[in-house]
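# how would this look folded up:
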Amino acid sequence: MNLQTKEKRINYGLIIILSLLTILFISPILIVLMNSFKSKLFISNEPFSFPNPDTYAGGENYITGSEKIKFFDAFGYSLFITVFSVISISLVTSMLAWYITRVKTKFTNFVYYLLVFSMIVPFQMVMFTMSKTANVLHLDNPVGIIVLYVGFGAGLGTFMFSGFIKSIPLSLEEAAMIDGAGPVKTYFLIVFPMLKPTAITVAILNSMWIWNDYLLPYLTIGTEYKTIPVAIQYLRGGYGAVDMGAMMAMLVLAMVPIIAFYLAAQKHIIRGVVAGAVKG
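Numbers count the residues shown, from 1 in each chain. The predicted structure is shown next:
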């Protein structure tokens, strides 16, 4: 067996393995999509079969689910919280990363390592004190929860931005300052445009987290301002009864925006992760 034949067999083997893994990961989404068009009476008995004339429910599940949980109200809250949280996290952490990377003091080193340490602290350790603090500080609303998300997202964002900023030549910033640009102008006109790959990566990772987050909104704003994950769980009826058809339909609607955003920006993920991790 020559080397070229051996390489072809290895490549074919990798293709088969990756194809199987792709099917394995995509199959849950396809099952949810398939069952969203079935009558709820048939989902439990035939969860893996395609809809047929007897089980097909059309758009009834989508209409019923949207009415039961007021889906478009929940969608509005989720969209507002996700968009402004991601913008705030990207802006605040990039500015902080630039400062602690360029200003080397014991204090900035302490802040950096404190933020890195916060990445390994489980949310469950702080959720009760956090929810009480949010209530006392009147952060238990769609605007206040953005502050909480900035706090929880600061560690990863600062870590990734710091790694990339270390690769930016300091001479570019010095040239801008010689031309009369202050720190704010230098940051927005020189530094931030070069952070685009990392900023998009941070935005994607945080968007997927915040959009799908259930526990934090439930603990802080869930009773009054329901986001999509919180609203969907209200499809559970009494005594364990669940409208599976409506729930599957709402899960599909919840997945569509974040999948579309991910597909639109996926080419920047690997570039941003490598820039933020390897160069750091």
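# Please count neighbours and contacts with C-alpha atoms only from this point.
OK.
# Can you list the low-confidence ranges for the stretch 151-280 of the chain?
Across the stretch 151-280 of the chain, the ranges flagged by pLDDT under 70 are 237-241, 268-280.
# Could I get the full set of helices for it?
Taking DSSP state H, counting those that start in this stretch, the helices of the stretch 151-280 of the chain run over residues 170-178, 183-186, 192-194, 196-212, 215-220, 228-232, 244-265, 267-277.
# list the helices and strands the fourth one packs on?
The elements that helix 196-212 packs onto, with contact taken as 3 or more C-alpha pairs under 8 Å, 6 or more residues apart in numbering; DSSP states H and E, are helix 71-102, helix 144-165, helix 244-265, helix 267-277.
# Kindly report the same for the shortest one.
The criterion is 3+ C-alpha pairs under 8 Å, 6+ apart, and there are no helices or strands that helix 192-194 contacts.
# which parts of it are buried?
For helix 192-194, the neighbour count (16 or more other C-alpha atoms under 10 Å) marks Phe192 as buried.
# quick one: it to chain centroid distance?
Put simply, helix 192-194 sits 22 Å off its chain's centre (C-alpha atoms, centre = their mean, to the nearest Å).
# List the buried residues in stretch 252-267.
252-254, 258, 262.
# which residue ranges form the strands in the stretch 1-150 of the chain?
In the stretch 1-150 of the chain, no strands are defined using DSSP state E, counting those that start in this stretch.
# can you give me the helices for it?
3-35, 40-43, 60-69, 71-102, 106-118, 127-136, 144-165.
# between the longest one and helix 244-265, how many degrees?
Interaxial angle, helix 3-35 versus helix 244-265 (axes from the mean of the first three to the mean of the last three C-alpha atoms, to 10 degrees): 140 degrees.
# got it, and the fifth one?
Orientation note: helix 106-118 sits at an angle of 140 degrees relative to helix 244-265 (the same axes, to 10 degrees).
# hang on, the earlier thing: highest average neighbour count across the helices and strands packed on helix 196-212?
helix 144-165 (a mean of 22; mean count of other C-alpha atoms under 10 Å).
# got the CA positions of that helix in CSV?
Output of helix 144-165 as CSV, limited to C-alpha atoms (Å, rounded to 0.1, in the frame of the first residue of the first chain):
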residue,chain,number,x,y,z
GLY,A,144,-31.4,45.9,35.0
ILE,A,145,-30.7,42.4,33.9
ILE,A,146,-28.4,43.7,31.2
VAL,A,147,-26.1,44.9,34.0
LEU,A,148,-26.1,41.4,35.5
TYR,A,149,-25.2,39.9,32.1
VAL,A,150,-22.3,42.3,31.6
GLY,A,151,-21.0,41.1,35.0
PHE,A,152,-21.2,37.5,34.1
GLY,A,153,-19.8,37.9,30.6
ALA,A,154,-16.9,40.2,31.6
GLY,A,155,-14.5,37.3,32.3
LEU,A,156,-14.6,35.6,28.9
GLY,A,157,-14.8,38.8,27.0
THR,A,158,-11.9,40.5,28.7
PHE,A,159,-9.8,37.3,28.4
MET,A,160,-10.4,37.0,24.6
PHE,A,161,-9.9,40.7,23.9
SER,A,162,-6.7,40.9,26.0
GLY,A,163,-5.1,38.2,24.0
PHE,A,164,-5.8,39.9,20.7
ILE,A,165,-4.8,43.4,21.9
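# And for that helix, what's in contact with it?
81, 84-85, 88-90, 92-94, 96-98, 100-101, 112, 115-119, 134, 138-139, 195, 198-199, 202, 206, 210, 217, 220-221, 273, 275-280 (C-alpha atoms under 8 Å, 6 or more residues apart in numbering).
# tell me how far that helix is from the chain's mean position?
So, by C-alpha atoms, centre = their mean, the centroid of helix 144-165 is 13 Å from its chain's centroid.
# for stretch 109-119, same thing?
Taking C-alpha atoms, centre = their mean, one finds the center of stretch 109-119 at 21 Å from the center of the full chain.
# count of neighbours near Leu219?
Number of residues near Leu219 (other C-alpha atoms under 10 Å) recorded here: 17.
# isn't it right up against Ser131?
Yes: with contact defined as C-alpha atoms under 8 Å, Leu219 counts as touching Ser131 (6.2 Å).
# Quick check: the nearest residue to Ala231 once chain neighbours are set aside vs Lys226, distance?
Excluding the flanking residues, the one nearest Ala231 by C-alpha to C-alpha, 6 or more residues apart in numbering is Ile69, at 5.7 Å. Distance of Ile69 to Lys226, computed by C-alpha to C-alpha, to the nearest Å: 9 Å.
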